[in-house]
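1. Below are the sequence and a predicted model; questions follow.
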Amino acid sequence: MSTTYSFYFKGNDGKFYPFDSFGGGSKVAEGMDAQFGRNYAYEVPKPLAKADLKDIIVFEEDRVRSSEKRIEEYRQRQKDIGTWDNSVNDKIQAISDLDETIDEEKCDLSYYRRAVYFFEFLAGILDEAEYSYADDSNANVDANNYIYWEVS
């Protein structure tokens, strides 16, 4: 059974309008789990507060920085391989292995960045709803009860 994290806007009519979903193994799901743990009721929409989004963004940004640091460390290792006393074939194999590791890390890095962008987008929506004026079209939006999420 696969897990899906779904996100909704709650309309003024009380209905939930889906706008995105992610698999349980995604970086977005990992960010949600880091913030809320895995102690939640399935298929029960819960509001997503701006404070929680900010915490998730910090978590995801830390992962971006860690991933970037690992890539630099792998590149430095590649440079260091030239100083080894091993055979040329051993050096080439070690550099090739690190190339694969760097490619995998770059892939993860792109997913970490996408998670940051997604959560920043949601925080921006809540900011807009919170600071709207009475004559704005979203003046009746309650920023604390506008974006919901659930796990199914």
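-> Cool, the structure landed.

2. residue nearest the centroid of this protein?
-> A115 (2.5 Å; C-alpha atoms, centre = their mean).

3. My read is that that one contacts D33, right?
-> No: assessed by C-beta atoms under 8 Å, A115 is found out of contact with D33, at 11.9 Å. No exception for glycine: its C-beta is placed from N, CA and C like everyone else's.

4. re earlier: what's the helix or strand for the residue nearest to the centre of the chain?
-> Under the criterion of DSSP states H and E, A115 resides in helix 88-130.

5. so what secondary structure elements neighbour that helix?
-> helix 27-36, helix 50-81, strand 147-151 (3 or more C-beta pairs under 8 Å, 6 or more residues apart in numbering; DSSP states H and E).

6. Got the confidence number for the nearest residue to N86 once chain neighbours are set aside?
-> If the residues on either side of it in the chain are set aside, N86 comes closest to A94, at 7.7 Å by C-beta to C-beta, 6 or more residues apart in numbering. pLDDT, A94: 94.

7. can you tell me how far A94 sits from I102?
-> The spacing between A94 and I102, counted by C-beta to C-beta, to the nearest Å, is 13 Å.

8. Neighbour count: those two, which is higher?
-> Higher neighbour count among A94 and I102: I102, with 19 against 16, using other C-beta atoms under 10 Å.

9. No more questions from me, cheers.
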